[in-house]
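K.L.:
give me the fold of what follows.
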Amino acid sequence: MINIISKAYCRHYQSGPKKVVDNLVKGLESIGYPYVINKRLDACKRLWIHDDLSALQEAVHLPEEVKVVIGPNLVVMPRNLPPDLEMGRFVYIHPSEWAKKFWEDAGFAKCPIVAWPTSIDTVEFAPGSEPRTSVVVYFKQRFPEELQYVEQELQRRGLVYH
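P.N.:
Below you'll find the predicted structure:
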């Protein structure tokens, strides 16, 4: 059994972090794996702290037999984590190899990092067999100059985008 700790799960509106939890629950239910949500941190021997930084700070005091996975929605950048927090026995998940490498390149080495395609329904959105000829730029809640930068970089690389 796994205990899922998530503030996003309790929200009444859909967001990226909520979708991560919803799809994990969907996956757990599809394989019949038992779970609880937002119980005491020591309620199970497996714990996933999705997006609750205060729960992360308390998890360091759990017995060693409690296995802890954290992320991906705890903080945006490694520098946003408490600097003195001992995380060596945790595993930090990131939604892609790119995000994992970004954190590694930013100097994060407090615990192992793994890529896990969070919030993606891998049945509905399975990779196709057709070769990719373009990319989609999903632009939301960003500064206009960021979109310009991405477009310029795609053009520089000769990539078609929508």
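K.L.:
burial count for residue 39?
P.N.:
Per other CB atoms under 10 Å, the neighbour tally for residue 39 reads 14. In this view, the C-beta of every residue, glycine as well, is placed from N, C-alpha and C.
K.L.:
which residue packs closest to it, ignoring adjacent ones?
P.N.:
Counting by CB to CB, 6 or more residues apart in numbering, residue 39 lies nearest to residue 3, which is 5.2 Å off, once chain neighbours are set aside.
K.L.:
assign the one you found to helix, strand or coil.
P.N.:
Assigned state for residue 3: strand (three-state reduction, DSSP: H, G, I helix; E, B strand; the rest coil).
K.L.:
helix/strand/coil for the spatially most central residue of the chain?
P.N.:
Central residue of the chain (CA atoms, centre = their mean): residue 72, 2.4 Å from the mean position. The local conformation at residue 72, judged by three-state DSSP, is coil.
K.L.:
residue contacts, it?
P.N.:
Taking CB atoms under 8 Å, 6 or more residues apart in numbering as the definition of contact, the neighbours of residue 72 are 20, 50, 92, 93, 94, 95, 99, 116, 118.
K.L.:
all strands of this structure, in order?
P.N.:
Counting by DSSP state E, the chain has strands at residues 2-5, 35-37, 46-49, 67-70, 90-94, 113-115.
K.L.:
will you turn those into a markdown table that also has mean neighbour count?
P.N.:
Below are the strands of the chain laid out as a markdown table (neighbours: other CB atoms under 10 Å):
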| stretch | mean neighbour count |
| --- | --- |
| strand 2-5 | 22 |
| strand 35-37 | 15 |
| strand 46-49 | 21 |
| strand 67-70 | 20 |
| strand 90-94 | 20 |
| strand 113-115 | 15 |
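K.L.:
any chance of those strands in a markdown table, plus mean pLDDT and distance to residue 147?
P.N.:
Formatted as a markdown table, the entries for these read as follows, by pLDDT from 0 to 100; distance: least, CB to CB, whole Å:
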| stretch | mean pLDDT | distance to residue 147 |
| --- | --- | --- |
| strand 2-5 | 96 | 34 |
| strand 35-37 | 97 | 36 |
| strand 46-49 | 96 | 33 |
| strand 67-70 | 96 | 31 |
| strand 90-94 | 95 | 23 |
| strand 113-115 | 94 | 26 |
